[in-house]
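Q: here is my input, please return the structure:
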Amino acid sequence: MKKLFSLAAAALTLSAATVMPSAIAGADDAGFLMSCSFENGEDGWSGRGAAKVEASNNACFDGINALYCSNRSDSWNGAAIELGTGINAGETYSFSANVRYDSGKDTALYHFTMQYNDGTETNYVKIASATIIKGKWAQLANPKFTIPEGASNISVYIETAKGTGDFFVDDVKIATEGTAIEGAKGGKYIPGDLCEDGVVDTFDLICARKLIVSTDKEAKVSVNADVDKSTEYAVNDLVLLDEFISGKIIEFPDNTPEVEVTPFEYEANKQFKEAPGNYFNTCEQQGKVNKESYNGIRGNKSLYVYTPYNYDPEKKYNIFYLMHGGGENENTLFFQDDTMIQNMLDHMIMNGELEPLIVVTPTFNGQGSEAANFYEELRANVIPFVEGKYSTYAESTSEEDIRASRMHRAYGGFSMGSVSTWQVFKNDIDLVGYFMPLSGDHWGGQGAYGKAKDLADAVDRSGFTDRQFFIFAATGSDDIAYPNVNPQIDEMKKMSQFKFTSDFSEGNFYFMVAPGKTHWWGYVRHYVYDALPYFFHETGE
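A: Below you'll find the predicted structure:
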């Protein structure tokens, strides 16, 4: 579950429009202490964190409406309600909620969670949890849940264990202890439970036998039928189910297919090659560019986020932060005629030259020392903000999880953006595994040797080996940056921390020089075209 750096930031965020009842919301004539059907609106529920909620008739468990939860930027974002008077700490109640989701993976783990304050700190406890099947309603219920003694400011909410997909909630009820609240039948992922009645027994075996001999090849097979997780229902599943029910085995084997990874074919001495001219025209498989705003250590700022065609928030993506040059801003990379990086990315991904990834264009503007200090804001604000909202390999936005996912994170930039890249290397190497400094040298240390030594010392301080970071630098032979960066590169080649080759299976550092090219994005965007496919293939182990 993704969390923010500050535990306080994970506290419940309720809309100012939340209805706070004097008694428990929606108590009805059937004796429920709370009953929310969402037939006439949100019934006092609101979005938790960045999430938004609204009554919707697109799906419902009962009646004509359900509560639709969207715009989630983290797994703990969800649908929430504060409990008013009538529900008491230390007492036991029956809780029930019905949940459904319609996109993403075949199954997902959902939690019905309570948040409360014990007088000292905010606490969270699971009322009920279930792994549910996509496209089906499932009940999260606990007939005997005791609210902790001394609890105050009590609220309940629906969240997911992972991911940020949309979901529906319907018929949320609270009743006295032991009350069996009627809810959705089935819809839960229980291997072998083909009948979806919550148990694996002979009736499931009967269903399995009928399914195996069925001539209706278009019939949708329940994910519960694939007991060995082989991705298809076959005779082996039937045999295993029989053995499980008869007691010959006590658990199903895991035959999940191994994903075969083909080693990337590096060139040891990569040469400059321009992207095809049509790569800067609109692609038939277009990704999206979204503008985002955040409040950072240097005030309110904006950045742009590119997500690839068919971006799926349930999948994990590598991420590349690409910085503009001096006198430019966050708009430069996506909206200038001599850049149009998004079109190039679209074509590269469509043609299989690049795995789908997320690309972020922030800005160092507004900082006293411009690019040289951006590494501070990258760490404190930009990475946690972006990766709390978009799906990357970071399991959460804690610094520990960001560090753990560093080999799936890259940073690069042009000119002053290259200056910022060397500073990110020096100061944030624990968060970033790949670096792309373009047409700019390091502004640390004295002279070429001093610059190289400053970077080598940063590697030594980090404790990383030469298999745990990778640099692909580039510039043009006629670029104004060349006379400064080339001597620095020559000194870096002499140091043991850097092994010069563009074959990153053998080394970790390369410098590509484009003949005759000058200091201009119209050329530099081709450096990105050449370098980016070389990223994210090494594990750092």
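Q: spatially central, which residue of this structure would that be?
A: residue 391 (1.8 Å; Cα atoms, centre = their mean).
Q: test my guess that it contacts residue 313.
A: Yes - judged on Cβ atoms under 8 Å, residue 391 makes contact with residue 313 at a distance of 4.8 Å. Heads up, the C-betas are built off the backbone N, CA and C, glycines and all.
Q: joint contacts of those two?
A: Common contacts of residue 391 and residue 313 (Cβ atoms under 8 Å, 6 or more residues apart in numbering): 163-164.
Q: ok, residue 47 touching residue 80?
A: Yes - counting by Cβ under 8 Å, residue 47 touches residue 80, with 7.3 Å between them.
Q: which one of the two has more residues nearby?
A: residue 80 (26 against 23; other Cβ atoms under 10 Å).
Q: looking at this, that one is in a strand?
A: Yes - counting by DSSP: H, G, I helix; E, B strand; the rest coil, residue 80 falls inside a strand.
Q: list the residues that contact it.
A: By Cβ under 8 Å, 6+ apart, the neighbours of residue 80 are 12, 14, 45-48, 115, 155-158.
Q: counting only strands, which of those make the cut?
A: 46-48, 115, 155-158 (DSSP state E).
Q: of those, just say which sits nearest to residue 470.
A: residue 48 (38.7 Å; Cβ to Cβ).
Q: quick revisit: nearest to residue 408 among the ones in strands among the contacts of residue 80?
A: Closest to residue 408, out of all of the ones in strands among the contacts of residue 80 and judged by Cβ to Cβ, is residue 48, at 27.3 Å.
Q: how close does the closest one get to residue 169?
A: According to Cβ to Cβ, to the nearest Å, residue 48 and residue 169 sit 12 Å apart.
Q: give me the more crowded residue out of these two.
A: Neighbours were counted for residue 48 and for residue 169 using other Cβ under 10 Å; residue 48 has more, 28 against 25.
Q: leaving aside the residues adjacent along the chain, what's closest to the more buried one?
A: Nearest residue to residue 48, sequence neighbours excluded (Cβ to Cβ, 6 or more residues apart in numbering): residue 80, at 4.2 Å.
Q: just the element for residue 377, please.
A: Using DSSP states H and E, the element containing residue 377 is helix 374-377.
Q: isn't residue 331 right up against residue 304?
A: Yes - Residue 331 is within contact range of residue 304, at 7.4 Å (criterion: Cβ under 8 Å).
Q: of these two, who's got more company?
A: Neighbours per residue (other Cβ under 10 Å) separate residue 331 from residue 304, with residue 304 holding more: 22 against 15.
Q: please enumerate the helices of the chain.
A: Remark: helices assigned in the chain by DSSP state H are 202-213, 235-246, 332-335, 341-350, 374-377, 383-389, 399-404, 416-428, 447-462, 482-493, 521-531.
Q: any chance of these in TSV, plus mean neighbour count, distance to residue 225 and mean pLDDT?
A: Below are the helices of the chain laid out as TSV (neighbours: other Cβ atoms under 10 Å; distance: least, Cβ to Cβ, whole Å; pLDDT from 0 to 100):
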stretch	mean neighbour count	distance to residue 225	mean pLDDT
helix 202-213	15	6	90
helix 235-246	17	6	93
helix 332-335	21	46	83
helix 341-350	22	34	94
helix 374-377	22	50	94
helix 383-389	24	36	93
helix 399-404	16	35	93
helix 416-428	25	47	96
helix 447-462	17	49	96
helix 482-493	18	57	97
helix 521-531	22	46	96
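Q: including distance to residue 135, could the ones you listed go into JSON lines?
A: Below are these laid out as JSON lines (distance: least, Cβ to Cβ, whole Å):
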{"stretch": "helix 202-213", "distance to residue 135": "18"}
{"stretch": "helix 235-246", "distance to residue 135": "21"}
{"stretch": "helix 332-335", "distance to residue 135": "35"}
{"stretch": "helix 341-350", "distance to residue 135": "28"}
{"stretch": "helix 374-377", "distance to residue 135": "42"}
{"stretch": "helix 383-389", "distance to residue 135": "25"}
{"stretch": "helix 399-404", "distance to residue 135": "30"}
{"stretch": "helix 416-428", "distance to residue 135": "42"}
{"stretch": "helix 447-462", "distance to residue 135": "46"}
{"stretch": "helix 482-493", "distance to residue 135": "54"}
{"stretch": "helix 521-531", "distance to residue 135": "40"}
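Q: what's the closest of the ones you listed to residue 55?
A: Here helix 383-389 is closest among those (Cβ to Cβ), at 24.7 Å.
Q: which helices and strands sit right next to that closest one?
A: Packing contacts for helix 383-389, counted by 3 or more Cβ pairs under 8 Å, 6 or more residues apart in numbering; DSSP states H and E, involve strand 288-296, strand 318-323, helix 399-404.
Q: what comes into contact with the longest one?
A: Read that as strand 288-296. Against strand 288-296 from outside (Cβ under 8 Å, 6+ apart): 300-307, 311, 334, 342, 377, 380-382, 385-386, 389.
Q: hmm, back to that, need the residues that contact the helix holding residue 377.
A: Against helix 374-377 from outside (Cβ under 8 Å, 6+ apart): 296-298, 323, 362, 364, 367, 420, 423-424, 426-428.
Q: dump it to CSV, restricted to CA.
A: Extracted in CSV, the C-alpha atoms of helix 374-377 (Å, rounded to 0.1, in the frame of the first residue of the first chain):
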residue,chain,number,x,y,z
PHE,A,374,16.5,20.8,-7.8
TYR,A,375,17.6,17.5,-6.3
GLU,A,376,16.2,18.7,-3.0
GLU,A,377,12.7,19.2,-4.4
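Q: just the CA coordinates for stretch 475-492, please, in CSV.
A: Output of stretch 475-492 as CSV, limited to C-alpha atoms (Å, rounded to 0.1, in the frame of the first residue of the first chain):
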residue,chain,number,x,y,z
THR,A,475,26.2,16.1,-26.7
GLY,A,476,27.1,17.4,-30.1
SER,A,477,30.6,17.9,-31.3
ASP,A,478,29.8,21.5,-32.1
ASP,A,479,27.7,22.1,-29.0
ILE,A,480,28.8,24.9,-26.7
ALA,A,481,28.8,22.4,-23.8
TYR,A,482,31.3,20.0,-25.5
PRO,A,483,34.5,21.8,-24.4
ASN,A,484,33.5,21.6,-20.8
VAL,A,485,31.8,18.1,-20.6
ASN,A,486,34.3,16.2,-22.7
PRO,A,487,37.3,16.7,-20.4
GLN,A,488,35.1,15.7,-17.4
ILE,A,489,34.2,12.5,-19.2
ASP,A,490,37.8,11.8,-20.0
GLU,A,491,38.7,12.0,-16.3
MET,A,492,35.7,9.8,-15.3
